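In: Can you look at this prediction? I've put the sequence above it.
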Amino acid sequence: MEFLKTLGIEGINPGTSTGRKHMESKETISSYTPTDGERIATVGVTSREQYDHVVEEAQKAFEIWKNTPAPERGEIVRQIGQKLREFKEPLGKLVTYEMGKIYQEGLGEVQEMIDICDFAVGQSRMMYGKTMHSERPQHRMYEQWHPLGIVGIISAFNFPVAVWSWNAMIAAVCGNVMIWKGSEKTPLCAVAIQKIVAKVLKENDLPEGIFNLVTGDHQVGEWMTEDERIPLISATGSIRMGKEVGKTVASRLGKTILELGGNNAIIISENADLEMAIRATVFGAVGTCGQRCTSTRRLIIHESVYDQVKERLMSIYENITIGDPLEEGTLVGPMIDQDAIDAMQNALKEIEKEGGKVIYGGEPLDEDGFYVRPALAEVENHYNIVQEETFAPILYLMRYKTTEEAIEMHNGVKQGLSSSMFTLNMREAERFLSVGGSDCGIANINIGTSGAEIGGAFGGEKETGGGRESGSDSWKAYMRRQTNTMNWGDSLPLAQGIDFDV
Ligand code: NAD
């Protein structure tokens, strides 16, 4: 595999940045490709001793980085973006090979990193604070934003590189240093990125401790969440994980950005452009083999177009090419591992048990790797299984009569990430986006639930965790706000007119 060589991936790879030689990892994890189940390579698991060393190196690097002017920090991020452009193809292939999403999506994920680098470069000159009018004479009041210190980034397998960049690039221009623990299911992607970033730092005579890597499962994640030296933990993953992380970090009064599971729906109204709605639905439901946080899981269809939509979906599903995600023409690659297939099979059984009906697909394919046929099922929204996020390509079809009912069904789950309505009716569209409409962090009209742009703030409400990353003013979450008041007069008036003569 040429791309592995280009990215410097070897048979055995260190999984810890700035790791000293005498602290070599005793344990390793193997990375398997879901395309055929073969082992690709192994990566050293970070030991407690190595972890503490990384934190110390990060603390030292923070002293240098926080005193580097923000636009100069932006220049380093610009160079990282350039290197990512250079390595876009091999990186895209590695994402595909290790995670299983099709090559077009692998390339898209790397492009997302490049885009966020560009965004962060601009941001590095735009971290504005406000100036306020003081109620006291000859006083000036303003606020400024300072970096927090070490930002811990814990990421999930399904976006093995982009989620790191959303956090790391913005946090870096803010003046923070980063410790990243990628998913134990995709450690090679993290190793490859670390190599690229370390090269840029070296070329600029900066310490690698600005961007750090640790490798391992939840144990290493728990060291991070318990660690008072890490003021902010940005964690992406399941709701179960987020509840644990949230509790641990809150118990030491640290900050979190939580990006957790979704249970995203599209409402197809009787006023929809059905062709557009169906195309968006298929991409949302089977793209990344249903393993996106924003995957379309529920389709809420107006009763007048229900049968038409259902038939059209069945005929499209019959023609979807499932197979090697590196091959051109494949639309659906494998799931991540056997556990994911088992969880899907379990969900399909639950659907039937609760009175629903699997009307298409669902079965694993009889070949090497973890391939399944995406499934369609007719259900009701209140089923326990529909209320959960099953991280698999199962699309639930439900029917509705009135817009109120559709919105009620739409919001009637515990998660609140992405949402969409297809309609050409302006009143209905505005209603969906209004305060009485979608309760999600992302609400779209005539666009599906997946495929967000980096310029907007990304994240969701309710059990999705409330965090926001990426664009808009998300940078503020990586900084501490300081309110400054400067008295340039020769008296000491007190606020609220308090008289306190001594
Ligand atoms: P996961 O929760 O199993 O693991 C995510 C990460 O958390 C991994 O790095 C894991 O090692 C770590 N982890 C697990 N338990 C931990 C603990 N107690 N303390 C610290 N770290 C811990 O998730 P996954 O299977 O890798 O990813 C799929 C999930 O991620 C889905 O639920 C999906 O919706 C969600 N996701 C959300 C977003 C978003 O932006 N909202 C983006 C991508 C994925």
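Out: Here it is on my side, so go on. Numbering: from 1, shown residues only.
In: neighbours of A250, just the number please.
Out: If you count neighbours by other Cβ atoms under 10 Å, A250 ends up with 12. Yep, even glycine has a C-beta here, placed from its N, CA and C like the rest.
In: Ignoring the adjacent residues along the chain, who's closest to T236?
Out: E259 (4.2 Å; Cβ to Cβ, 6 or more residues apart in numbering).
In: Does that neighbour touch G467 like I think?
Out: Yes. If you go by Cβ atoms under 8 Å, E259 and G467 touch, sitting 5.0 Å apart.
In: neighbour-wise, which of those two wins?
Out: Using other Cβ under 10 Å as the criterion, E259 and G467 rank with E259 on top: 31 against 22.
In: For that one, grab phi and psi.
Out: E259 adopts backbone torsions of phi -120, psi 100, taken as degrees, to the nearest 10.
In: which residues touch it?
Out: 163, 234-237, 293, 458-460, 464-465, 467, 469 (Cβ atoms under 8 Å, 6 or more residues apart in numbering).
In: near the ligand, which residues of the stretch 401-502 of the chain?
Out: 417, 460, 464 (Cβ under 6 Å from any ligand atom).
In: Show the contacting residues for the one residue sitting closest to the centre of the chain.
Out: Residue closest to the average C-alpha location in the chain (Cα atoms, centre = their mean): V163, at 4.4 Å. Neighbour list for V163: 153, 155-156, 236, 259, 469 [criterion: Cβ under 8 Å, 6+ apart].
In: what do you get for K60?
Out: Contacts of K60 by Cβ under 8 Å, 6+ apart are 207, 209.
In: what does N484 give?
Out: 141-144.
In: go with 7 Å
Out: 142-144 (Cβ atoms under 7 Å, 6 or more residues apart in numbering).
In: Assign a three-state SS to it, would you?
Out: strand (DSSP: H, G, I helix; E, B strand; the rest coil).
In: For it, give its distance to E27.
Out: Distance, N484 to E27, using Cβ to Cβ, to the nearest Å: 48 Å.
In: can you check E2 too?
Out: 29 Å.
In: Among the two, which residue is more densely surrounded?
Out: Legend: neighbour count by other Cβ under 10 Å for E2 and E27, higher for E27 (13 against 8).
In: Wait, the more buried one touches T46, no?
Out: No. Here E27 does not reach T46: they are 9.1 Å apart, not a contact under Cβ atoms under 7 Å.
In: Quick one: check whichever helix in the chain runs longest for contact with the ligand.
Out: Longest among the helix segments of the chain by residue count, using DSSP state H, is helix 103-123. No. Counting by Cβ under 6 Å from any ligand atom, no contacts exist between helix 103-123 and the ligand, the nearest distance being 11.3 Å.
In: Listing partners with orientation, what would you give for the helix or strand just after that helix?
Out: Toward the C-terminus, helix 103-123 is succeeded by strand 131-132 as the next helix or strand (DSSP states H and E). Using DSSP bridges, strand 131-132 pairs in its sheet with strand 139-147 (antiparallel).
In: Now the partner strand: average pLDDT?
Out: Mean pLDDT, computed over strand 139-147, is 98.
In: Same check on stretch 398-406?
Out: pLDDT averaged over stretch 398-406 gives 98.
In: picking up where we left off before, quick one: which of the residues of the stretch 401-502 of the chain next to the ligand sit in helices?
Out: With helices taken from DSSP H, there is no overlap with these.
In: ok, so of the contacts of N484, who is nearest R39?
Out: Distances from R39 to those, taken as Cβ to Cβ, are shortest for Q144 (50.4 Å).
In: pretty sure the closest one is touching G129, no?
Out: Yes. Counting by Cβ under 7 Å, G129 is a contact partner of Q144 at 4.5 Å.
In: Surely the residue nearest to the centre of the chain forms part of a helix?
Out: Yes. Using three-state DSSP, the secondary structure at V163 is a helix.
In: tell me the pLDDT at it?
Out: Taking V163 on its own, its pLDDT is 98.
In: just the one 4 residues further on next, same as before
Out: Taken from the predicted model, the pLDDT recorded for N167 is 98.
In: before we move on, what about E24?
Out: Model confidence at E24, given as pLDDT, is 77.
In: ok, now how distant is G287 from I257?
Out: Taking Cβ to Cβ, one finds G287 at 25 Å from I257.
In: Which one of these two is surrounded by more residues?
Out: Under the criterion of other Cβ under 10 Å, the comparison of G287 against I257 puts G287 first, with 26 against 23.
In: what's the closest non-adjacent residue to that one?
Out: Using Cβ to Cβ, 6+ apart, the nearest residue to G287 is S450, at 6.1 Å.
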